[in-house]
Structure formats: structure tokens, C-alpha cells
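> could you work out the structure for the sequence below:
(2 chains)
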Amino acid sequence: MDLAIQISLTVNGVAVSRRVEPRQSLVDFLRYGLELTGSHVGCEHGVCGACTVRVDGAIARGCLMLAVQCDGCRVETIEGVAGTGEVFDLQQAFAQENALQCGFCTPGMLLTAQDLLARKPAASAQEIREALSGNYCRCTGYHAIVEAVRKTAEARGRA
Amino acid sequence: MSRIEKGRSYIGESVVRPQTARLLAGRGVFTDDVVLPRMLHVAFVRSPHAHARMLSIDSTEARTLPGVVAVVTGEEMAPVCSGWVGTLAHFQGMKSAMQRPLAVGKASWQGEPVAAVVAESRAIAEDGVSRVRVEWEPLPAVTDPETALDPSTPVIHPELGDNLAFKLELKSGDADAAFKSADAVLTETFTMGRHTGVTLEARAILADFDPSERRLTVYHSFQSPNMMQDILARHLGLPEQDVRVICKDVGGSFGIKVHIYPDEMATCTLSVMLGRPVKFTADRLESFVSDIHAREHRVKAELAVKRDGTILGMRVDDLSGIGPYSVYPRTSAVEGNQTIRLTPGVYRFRDYSARLSVVFQNKTPMCQYRAVGHPIAFAVMEAMVDRAARELNLDPVEVRRKNYVTAEMYPHTSQTGYFFERLSHEEALDKLLEISDYRALCAERDARRAHRVYRGLGLCAFIELTTPGPAFYGVGGARISSQDGCTIKLEPSGKLTCMTGVTEQGQGTDTMIAQVVASAVGVAMEDVRVLTGDTMVSPYGGGTWASRGAGIGGEAALQTGKAIRANILKVAAAILQCEPEDLDIRLGKIVDALTGEVRLDLAELGRVAYFRPDTLPKDFQSELTVTRHYVPRHQGFAFTNGIQLSHVEVDVETGFVRLLKHWCVEDCGRIINPRLVDEQIRGAIVQGIGAALYEHLVYDEQGQLLTGTMMDYLVPMAAEMPEIVVGHVETPTAYAEGGFKGAGEAGTAGAPGAVLNAVNDALAPFGARVTSQPITPEVVLKALGAL
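Below you'll find the predicted structure:
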């Protein structure tokens, strides 16, 4: 029995039409359906933030949304925001501070940080910690990540 | 190393890791990202019981599901992949039972894989799993280590006779005499909870067996590719050279990804059986029940002290439950062995006796995880030191100073036989007091107590075992390399390609190696490309564990760099018709050694050597690919040391512990990249803090894991973590030219003890103390008598 449903959406600015199973999560659709493997699967129950993507401009957990819910939506992934240069300064700051080690959490971390800085351009270190507290990183201990986001906020404030 | 001291070197520079660019762009390639033609996916039927006989497995319904390719049981897999026993010969009397890719006959922990469903997608494979019917006969579960050896407790593996995996007694001096002459004897029992690594990228493996050539290629999220190659070859009956293991990006490992897991062996066996690529990626729920667990200990400690704080002697009794099997091939006895051997090592007293019992139980197997044994050893030792200071009304700083192994005592052999070339406890302590302004923090703590704000300061001195030689595993019969090789090739363009046996999981191995190579040869770092983690091309090596990357891989890279530099200069001398000694390589150019005048570009040298050797003397052969190996021979381990300080505030109403700040001063020898070392330390400290305050694998009496999701098992997140200040003392080892030692685990070694001591310092006004971890609000309130 074929339960697949046709969906149409834009992903990183490109129009996409696919038939997807109703049970497929957004992140599985991105990873396996579209081969956008920059979004990672860490827990599949909404805790770790590794699958964070943007849906219609707001960050969302790719493991807690179904692909069919994104019919008609605008989805952006790390490949998209890296490709347009939108997070170039954040990427530079992360590299400079060594705010990533294995890099598995990094795409979700960048999207979450970018969302925070859009909402609160002058976020304090504690506000940064609170905003990132849904994104698990086992490698860094967070110190360098907070520094990278804080320095990016400062630099954007000066620009 | 002389070149490095001339200021033309990357050693000691906080160079940015070039490899981060693709990870930051979402272009990393982790094992689950690899897709092969005709690839299948496996999901496992796992035991719902901690201990149960399998009466039958009915896979009829699963087999008929469209998209399911095969359902395979343990009996069907056994002839293809031989079983294994996780013991080491140098652990006398150690025993464990035969383990197989899929359990045969009975399951021994909740989550043990018992059957495999292979399908066109992971989702269909999981559908298949739900259609496999296993008839179970539950058996009594052995869960409590305290009663595991009682005659009334069932024996998990009857063929072993009892539930004892390993026992060990150590004696140094005369502890009984020391206790008789003591002014005070302190006794404490510590309960340390089970936790696990929670790598953000779960374990993953993709096995691709080509039956036409009978060759197996495996993509694996793993720390030790040559170890996996060896084990797959032997257990699948394949020639070693026909097994290739490739570790692409690894999403965190921390010791979790260095063991042999039944489900991963099963995945490779399935590829051999089916002749198609088979992928297994653990989901988070199965990670919690199948990744190795760590650190379940009950430690009884007794300390004998004089009134002035001099430690006279110590007795330790460590009981550790390891699950139903000792994990292959490193064994599950190393954790306890290291715990009792490390415990007294910071201090000079000689009278020490220790006992270790390692017992089987029906829980997930336990094995080595970051800083093996260290966090338990130093939490116990340092909690005892702080308690002695408190009861004798002495300054905890001065009690440590009084008992340290001091600068004039090196080289020094510890109570348990560890050799210390040179450590720096006093310097590290002085530096820590300075950078933390410790005395001011103490005054502030005391002032706030009047206002019923309870802050605490906790010190934890530690040593760390790094850079292990062959005495660690090799002598016990485990085929795990303690030596590593490095190959450097000069490309015709004059750039260098470097392959190393040590591997990269985010710690910056490839950057560190490039810094060493560029410095040793005399080229720019961006002209060195480093490749790790492919058994087909990398020189043989051990990979990354026990903080060995810099100490062993770094030294091999240094020696290889020096060797290819000499060879390059020979080619240059042949071209320029002079002596190699008259030339040098600086910033990628051949220069006159005296004047620094540029004589030849490396690209021109490469062109001549590879494409116009006819222009060189007929008896001259250039050798522009060089391999060198290194193994530490002069000491068993390169020990490092350090001390941490935790500053906390305890809410005595709620029992909640707030981390205010954390400091660490450590000494890992000559530092290659300060920023990378600092970030290793910070990340490792947070892992230790997780163990101290949050992370706990809780089982019920039937052996059911109650904290099997990330909703129940708490990991440190950004909001709760403190600012972490890192300082250094540098005591290079003289046994290797580079002077490098390891740095990866020091943070985890000392953080739990520092937090434990800080909490107890905060609780001191109440005469209360905690002796178990994680230190949850419940533990604190119980200590305060409020629960």
C-alpha cells in the first residue's frame, strides 16, 4: 500500500517536489531524500538540537517535524546559510575560537546562534548560554562556543 | 628540536584548525552520510529482559514484509563470525564468557542484540524488528555488585563457576602499621554512579563486502582503525590485507568508539553473508542500552593521618560491576585496575594497600571511557584529603603541599609501581592559587555564610596516564598497536602529503601533526596536507586513545619530518652541486644555511626529482617519500599532572548545586597548540562535571534501564556550565625529542573530585557531606537531613 504524499516546498531557495511517506521526519527527508547531510540526527526526540533547521524563517527541530508538514514551506539548512554567506562571520568566529571539535553539533549550533543574534543582537554571555541550552555539544564544554557567538555579536554591533 | 627553538616553528602556536571549514559549512562526512550502491540497512531485535533464555525466534512475519531482505539469528551468524572472550593474559585469573555478534540461547542484558533484520531502509528494517516474535523465559537478574558473589546469587555464566571477572590486591609498605601509629583514621564509602559517553554522533558502521574479490571495506565511526581491521580479519576469516577500515569524520568518541560491539560485528558479518553493503547507525535509544557504560564503583577508603596533616597510609577496597561480559579486546578490568593503582599517586606516603573486585551483572557491559579510572581515583583520594583537613582544622592547600611528591624526588616510582619522570605538583598548585585568587574566594565564601549563602571551594590534584607503551595492552595479548607510523611524501609541486596512524575525532590531531611536520621540515603549514584513518594507506598505528596522539603520533611526525628534510636537502645538494650541510629549508625554500639566500624553490626541486632525474648524477636516487615509526620504550607511560578548583553555590533549601567557575592548571609537557589543549581540557572538565552532577544510568532491580532517553539522562548543557579558566606548567618529557605528552583526559580526571569537594565545602557549616555521584538535589538534601 503506497501511503506516500506529494509535497512541494523550497529548500535553500530551490523548489523541490517529492513523494514522501507520512511518517518520514523532516531531517530524514533532508538527509536521505535530498542528500543534504549537513543536518545531523543526534537523538530523534527533540533534546539535542543537532537537526536544527529553519522553517519559514524560524528555527525548528528536524526530528520533531514531519516532511509532510513542510508542504508549501521555505526550509533552510546549514548548506543554504553557508552557501549564501549569511553566517560567514559566525563560521569565522567558530574557527577562530575553536568552538567546534568533532563538528557534529555545529550546523545546529550555527543556526541557533544566528537566530539568537537576529532576535537579540546585543545578547549577553548568559543570554547566549540560555539560547544555546537546547543544543548539546559533548566536545567543547560550551565555553568557546559562547565566546564565538559573543564576539560575533560585538563585531556585528560595530559594523 | 633545535629548529623549533629558533623561532621558525609552529610548535606552541594557537594555529586555527584548517579542517573546521568544511564542518562549519555542513560538508563533513560522517559514517551515516556515506551511501553506497545496493546498500541495505540493519535494525536489531534486542532483548527486553536483563536475563532470559530464548526458547524460539519466529521471523516468518518479518520475512514476508516487502523490503525486508533477510532476518538472521545468532545461530545462523555463528559459523561466519567466530566468538570472542574479553580477557588479557597479564591480568592473572581474569575470566569472561564467549560473546558473539548476536546472542545464542540466552540474553544477558536488556538491549543485547539477538536477531538482525536487513531491509531496503532503516524504517522497513525497524518494521521488520517489530514483527519478529521471540519466546522468552525470564531468568533472575543479577544487578547489585555487593551481592554478585553471594552463594545465593545466580551465576550468569555457569561455565565460569561464579560472577567474579577479576580480583587484584596491591600492597606497598605496611598499611596496618601506619594505621596503628596514626593520630586519626578517617573512613568513608563512596558510591559512584554508572554513566556513559553520549557521543552526539551515535555509533555507526557501513560494511561493504565484495564476494568476487572476497574483500571487505568498512566505513566506521571509530578511534582505532587498525585494531578493527585486525579483529574483523581474524573473526571473519579474511586475510588482513583484504580488510580495509576507513574512519571519515567521527562525531565524538571519548573512548566509546574503541571497543568491539556485537551489533557492529553483526553488521560486517551480514555484509559477508549477503554480499551487499550493510549500514548500521544506532539510534539514541539503543545507544543508551548498547554503548559501553562506565564507572559503576563502590569504593571504601580509609586514611591514616598525623595531627599535622601528614598522610601515613591508606586502604582502599573497590568493587565494580561491569555487566555480563568483559568487553573485547581491552577488557573491563582496566578501569578498576587503574583506579586502585592511581589513587595514592599524587602523594609521597608509602604504606598503601588496595583490593579490587570486578563482578559480572545483568546490565549493559561496562568498559573504558575517557580518563579510565582516574575520576574515581582522584575523587576518592581528594575527598579523603579534604576531610582530613576539615577534621584536623588544617588548610586543605597546606595538607596537599605537605604530602605531595616534591620536585627533588624525581624520578619517582609510585606506591603501585608507576614511574614518574618529572611532575610539577607544587608549581601547578601555586599557579592555580594565583590565577583563581583562591584566598580572596575563601574570604568571600566565609563572609557570605553570615548571610546564609553557602558557597564552596573544592581542590582536586591529579595525575594522568598518557602515551602508553606496549605494556598496556600488547603484553596481555591484545593486538592493539602502541607504536604509530607517519609517512610524508613531497609532491612534485613542493607541497607535503602526510599520513599518520593516529586518528581525528575533533581534537585537532591533523592540525597538531601538520604543525609538527611543517616545523620539522621548514615549510608553511598550509603546504602540509594530513590524512588520517584509512588502513589501506596510513602507516600502521594504534589510533587515538589514552591521550596518545601527541606523545606518540606527534613524535613519529617529528622524526619523519626530520628524515624527509634530510632527503630533500640531499636532492637540493645534487641539483646545486654542493653539500647538504650547506643548505637549509626555510618557509618552503632551499636556502644557503649561512646567509639565508634563496637557492632553490621546492617546486623546482620536485620537478627535477620526479620528471628530470636524468639531469642528476647517475648514481643519485632521490627518496622523497619517507616513513618513520615511534613507540615509547623508556617508560611505561608519560605521566602528566595538574590540579583543578571548582567554585559552587549550594541552595540548601532545594539541594541544587550552581557552578560558579572552574579552574584547571595542568602540565602536558611541551604544548603544540595552546588553544587546542585548552579546549581539550575544557571539554573534558565538562564531561567530568556531567558525571559529578547530572549523568546517571539508573536501573531497577530487574535490570531494566530507567534512564534510557535524553529526557531522563541529563547531560551538561550550556546554561548550567561555568566559565572555565585554564593555566599551564610545561615540563617536557626528556625521553622523546619533541617533549610532548598527552592532554585529552586531564580535565575529566580531576573535575568530579573538585566538584565533590566544593559541594562538601559548602555543606561544611551544617556538618554534612556527600559521598556519592551524581550529586543530585536529592543527594544534597539527604546529606542535610532534609529528606
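> only C-alpha atoms for contact and neighbour calcs from this point on.
Will do.
> does the residue in the stretch 601-750 of chain B that chain A sits nearest to lie in a helix or a strand, and which?
Residue nearest to chain A within the stretch 601-750 of chain B (Cα to the nearest Cα): residue B:683, separated by 4.1 Å. Residue B:683 is located in helix B:674-689, with elements delineated by DSSP states H and E.
> list the contacts of residue B:575.
Residues near residue B:575 by Cα atoms under 8 Å, 6 or more residues apart in numbering or on different chains: B:605, B:616.
> which helix or strand contains it?
Element membership for residue B:575 (DSSP H and E) is helix B:555-576.
> same check on residue B:752?
Assigned by DSSP H and E, residue B:752 falls within helix B:746-763.
> and the angle for that helix with helix B:674-689?
Interaxial angle of helix B:746-763 relative to helix B:674-689 (axes from the mean of the first three to the mean of the last three Cα atoms, to 10 degrees): 50 degrees.
> okay, helix B:746-763 in CSV with CA atoms only?
The C-alpha coordinates for helix B:746-763 follow below in CSV (Å, rounded to 0.1, in the frame of the first residue of the first chain):
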residue,chain,number,x,y,z
ALA,B,746,43.2,15.5,32.3
GLY,B,747,40.0,17.6,32.6
THR,B,748,37.8,14.5,33.2
ALA,B,749,40.3,13.1,35.6
GLY,B,750,40.0,15.9,38.1
ALA,B,751,36.7,17.6,37.6
PRO,B,752,34.4,15.2,39.6
GLY,B,753,36.7,15.4,42.7
ALA,B,754,36.8,19.2,42.5
VAL,B,755,33.0,19.5,42.3
LEU,B,756,32.5,16.9,45.1
ASN,B,757,34.9,18.7,47.4
ALA,B,758,33.4,22.1,46.6
VAL,B,759,29.9,20.8,47.5
ASN,B,760,31.2,19.4,50.7
ASP,B,761,33.0,22.7,51.5
ALA,B,762,29.6,24.5,51.0
LEU,B,763,27.9,22.0,53.3
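> for it, packing partners?
helix B:374-391, strand B:454-466, strand B:638-651, strand B:656-667, helix B:674-689 (3 or more Cα pairs under 8 Å, 6 or more residues apart in numbering or on different chains; DSSP states H and E).
> and the residue lying closest to residue B:236 once chain neighbours are set aside, how far from residue B:11?
Of all residues not flanking residue B:236 in the chain, residue B:81 sits nearest, at 4.9 Å (Cα to Cα, 6 or more residues apart in numbering or on different chains). Residue B:81 is 46 Å from residue B:11, where distance means Cα to Cα, to the nearest Å.
> before we move on, what about residue B:610?
According to Cα to Cα, residue B:610 stands 31 Å off from residue B:11.
> tell me which of those two has more neighbours.
Neighbour count, other Cα atoms under 10 Å in any protein chain shown: between residue B:610 and residue B:11, residue B:11 has more, with 24 against 13.
> just the element for the more buried one, please.
Assessed by DSSP H and E, residue B:11 sits outside every helix and strand.
> residue contacts, the closest residue to it other than its chain neighbours?
Take residue B:11 and drop its neighbours on the chain: the residue closest to it by Cα to Cα, 6+ apart is residue B:672, 4.7 Å away. By Cα under 8 Å, 6+ apart, the contact list for residue B:672 reads B:10, B:11, B:12, B:13, B:512, B:515, B:516, B:740.
> show the buried residues in those residues.
B:10, B:11, B:512, B:515, B:516, B:740 (16 or more other Cα atoms under 10 Å in any protein chain shown).
> dump those residues to CSV, plus pLDDT.
As requested, the buried ones among the contacts of residue B:672 are arranged in CSV below (pLDDT from 0 to 100):
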residue, pLDDT
B:10, 95
B:11, 96
B:512, 97
B:515, 97
B:516, 98
B:740, 97
